[in-house]
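Colleague: 3D, please:
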Amino acid sequence: FDSGDNRNEGAPSLDIARPFGGFWSRRQSTMPYSDPKFTVVNPSPTVDDCIKSMRFRDYCVLAGVTAGSWGYGYVFGKPVRMPTASTAATIGLTFAGLVVLQDTRGRLMGYKENTKEVKLYGAHPNQPELRGVQDPRFPTATGRASVSTKPPLDWKNYD
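Modeller: Take a look at the predicted model:
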């Protein structure tokens, strides 16, 4: 059985995202399974918590993506420009809202830089073992998750 993980082994890597700079080349999981690298403010934030902790940058992302998608819909919606632009703006607003909520959730849960949130809301009383941000060129084998983040499985009920 071949899982397909090594099908491009030995082939040169084609990095298409390189011209776009560091923003697109950094890969982060939307559902991290490792310990947070920063202080945890809220381990399970709600949508209201995320909206209350939005930064100025988040509002700029919302406005910019919505305006850019409206312009895209207007330019490429030749026969019916305004309905196409409005539809594109709605899709852009939805996309930007999901991206901003994901970003603020990551900050509150400690997976992204959150010094402003820690100053404003304080740290959660139960903190996992913080390992800090490491240089990706020189990794240290520390395991992916501590017991406080991912408890060990209970196999007692399985016979």
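Colleague: mind checking pLDDT for the residue lying closest to Ile91 once chain neighbours are set aside?
Modeller: What sits nearest to Ile91 in space, not counting adjacent residues and going by C-beta to C-beta, 6 or more residues apart in numbering, is Ser69, at 6.2 Å. Backbone N, C-alpha and C define where each C-beta goes, glycine included. Listed pLDDT for Ser69 reads 97.
Colleague: now do the one 10 residues further on
Modeller: At Pro79, the model reports a pLDDT of 92.
Colleague: what do you get for Ala17?
Modeller: At Ala17, the model reports a pLDDT of 45.
Colleague: ditto for Ser148
Modeller: 66.
Colleague: Quick check: which ranges of this protein have low pLDDT?
Modeller: For the chain, the stretches flagged by pLDDT under 70 are 1-33, 130-133, 140-150, 159.
Colleague: remind me, longest helix of it?
Modeller: What stands out as the longest helix in the chain, according to DSSP state H, is helix 81-109.
Colleague: by contact count, what packs against that helix?
Modeller: When contacts are defined as 3 or more C-beta pairs under 8 Å, 6 or more residues apart in numbering; DSSP states H and E, helix 81-109 packs onto helix 47-52, helix 56-76.
Colleague: Out of those, flag the one nearest Tyr158.
Modeller: Ranking the helices and strands packed on helix 81-109 by proximity to Tyr158 (C-beta to C-beta) places helix 47-52 first, at 35.8 Å.
Colleague: got the buried residues for the closest one?
Modeller: Cys50 (16 or more other C-beta atoms under 10 Å).
Colleague: likewise stretch 95-106?
Modeller: Across stretch 95-106, burial judged by 16+ other C-beta under 10 Å covers Ala96, Gly97, Val100, Leu101, Asp103, Thr104, Arg105, Gly106.
Colleague: Kindly report the same for stretch 124-131.
Modeller: His124, Pro128.
Colleague: returning to that earlier point: the residue nearest to Ile91: neighbour count?
Modeller: 21 (other C-beta atoms under 10 Å).
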